[in-house]
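# pasting the structure only:
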């Protein structure tokens, strides 16, 4: 579309054009930082959790967010259309800062600016054209989930993380007659951990240092130290988990468990973090771009629900890592879920969703299979239409 057809484009060549490019870059950077710190689960979580714990990533994210909010408020007061429409756009970019890549409170969402493409009119034809442009790059990005899944299956979680999560279910214990062995059990009497004293001094009760037995061969020795002040320290190599414990009359419970020290991420963990962050960034970038071009945005979200699931599921783990959902930590009586198992479930769901998306993208590259898939969808829609018509006749 020629730039002469739109008078406001001439303004955007100057200060307005610089502002458009700067805010696009700011929003893309926000999305990239957010993708980096999201807990994607599996091997990637070792890096993302370190970034969340450190001050730099969250500070950068907050700074970028404030820039987007400030620019959005200024743009809202200069918007040429109705205040309500401008206010909705402002609320959108404030709540979802990456949307500022393509939506501005300053102007109605009738056109979208992109590097190299310039201004693009919104509408069905623009969505279809952009989907064709992003088809092959997104297919390549989606296929990256294969090495990520393979690495997770071949390595598995760290022994320290698994046992720390299991300790959260401990409700009782049994001490051997000689005081040298301690069996920690859950409510079903399942032995969660079998530990032995590291020295010959039994001491009073369970206080002292214990070595965890039965760990896989080759793993670093895990030690559990019960202090006199009701505090405990669980350590495996450079990984340390601390908290408080309570026991008496055969009952034992661990509370306020928190990771106080973690091992530096391995090269494999860094690679998996980069791949998973890149996959999520690609899905989020494509979805934001296409939904901004779509006129019927809710309909587009419904049609691309699997992409929306892939984008939103890691947010649950992110909120959990910030301890905004502390109620998800299971109370000792009648627990519903443990944080570790919840993260594992979310991780599997995300990767399954990406695999389904990959299959769908591969099918779309095969005309015969894709035509069969479309015919099946037409049959299902026609059946739904007949059912709705039958209800109207009642």
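Received it, and whenever you're ready, just let me know what you need. No experiment lies behind these values; they were computed from the predicted model shown. Residues are numbered from 1 along each chain as shown.

# Could you use CA atoms for every contact and neighbour count after this?
OK.

# The residue nearest the centre of the chain is in what secondary structure piece?
Nearest to the mean C-alpha position of the chain, by CA atoms, centre = their mean, lies residue 314 at 1.7 Å. Per DSSP states H and E, residue 314 falls inside helix 305-321.

# Can you give me the neighbour number for the spatially closest residue to the residue nearest to the centre of the chain that is not a sequence neighbour?
Distances taken as CA to CA, 6 or more residues apart in numbering place residue 40 nearest to residue 314, at 6.0 Å, with adjacent residues excluded. For residue 40, the neighbour count with other CA atoms under 10 Å is 31.

# Also the one 5 residues further on?
Residue 45 is flanked by 21 other residues according to other CA under 10 Å.

# Could you measure from the residue nearest to the centre of the chain over to residue 268?
Taking CA to CA, to the nearest Å as the measure, residue 314 falls 21 Å from residue 268.

# same check, this time on residue 72
Residue 72 is 40 Å from residue 268, by CA to CA.

# Those two - which one has more neighbours?
residue 72 (27 against 13).

# Looks like residue 209 contacts residue 232 (just checking).
No: Residue 209 sits out of contact with residue 232 when judged by CA atoms under 8 Å, with a separation of 9.6 Å.

# list residues touching both of these two?
Jointly contacting residue 209 and residue 232 under the rule CA atoms under 8 Å, 6 or more residues apart in numbering are 224-226.

# most surrounded residue in these?
Neighbour counts for these, by other CA under 10 Å, peak at residue 224, which reaches 23 neighbours.

# okay, it: pLDDT?
Listed pLDDT for residue 224 reads 91.

# go on, the one 5 residues further on?
In the prediction, the pLDDT value recorded for residue 229 is 82.

# what's the neighbour count on it?
Residue 229: 9 surrounding residues under other CA under 10 Å.

# Quick check: it vs residue 110, distance?
Counting by CA to CA, the gap from residue 229 to residue 110 is 64 Å.

# now residue 266
47 Å.

# more crowded one of the two?
For residue 266 against residue 110, the residue with the higher neighbour count under other CA under 10 Å is residue 110, and the figures read 15 against 12.

# shaky segments in the stretch 151-300 of the chain?
202-203, 215-219 (pLDDT under 70).

# just the helices in it please.
With DSSP state H, counting those that start in this stretch, the ranges of helices along the stretch 151-300 of the chain come out as 159-167, 267-293, 297-303.

# In the second one, which residues are buried?
The neighbour-count check on helix 267-293 (16 or more other CA atoms under 10 Å) flags 269-293 as buried.

# again with the last one
Within helix 297-303, the residues that qualify as buried by neighbour count (16+ other CA under 10 Å) are 300-301.

# what's the offset of it from the middle of its chain?
Centroid displacement of helix 297-303 relative to its chain, using CA atoms, centre = their mean, to the nearest Å, is 21 Å.

# now swap in the first one and tell me
Centre-to-centre, helix 159-167 and its host chain are 21 Å apart (CA atoms, centre = their mean).

# Make TSV from the helices of the stretch 151-300 of the chain and add distance to residue 86 to it.
Shown next, in TSV, are the helices of the stretch 151-300 of the chain (distance: least, CA to CA, whole Å):
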stretch	distance to residue 86
helix 159-167	47
helix 267-293	15
helix 297-303	17
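
# pretty sure residue 92 contacts residue 99?
Yes: counting by CA under 8 Å, residue 92 touches residue 99, with 7.2 Å between them.

# For those two, indicate the residue with more neighbours.
residue 99 (25 against 18).

# which residue sits closest to the more buried one, ignoring its sequence neighbours?
Excluding the flanking residues, the one nearest residue 99 by CA to CA, 6+ apart is residue 93, at 5.4 Å.

# Which residues in the host helix or strand of the one you found does the neighbour count mark as buried?
Assessed by DSSP H and E, residue 93 sits inside helix 83-95. Neighbour counts using 16+ other CA under 10 Å place 85-87, 89-94 of helix 83-95 among the buried residues.

# and the helix or strand just after it, how far out from the chain's middle?
Counting by DSSP H and E, the next helix or strand C-terminal to helix 83-95 is strand 111-114. Computed by CA atoms, centre = their mean, the chain-centroid distance of strand 111-114 equals 28 Å.

# Can you give me the neighbour number for residue 200?
Residues near residue 200, counting by other CA under 10 Å: 9.

# Show the backbone phi and psi for it.
Taking degrees, to the nearest 10, you get phi -90, psi 0 for the backbone angles of residue 200.

# Can you tell me how far residue 235 is from residue 226?
Relative to residue 226, residue 235 is positioned 12 Å away (CA to CA).

# scratch that, residue 381 is what I was asking about
Counting by CA to CA - residue 381 and residue 226 are separated by 63 Å.
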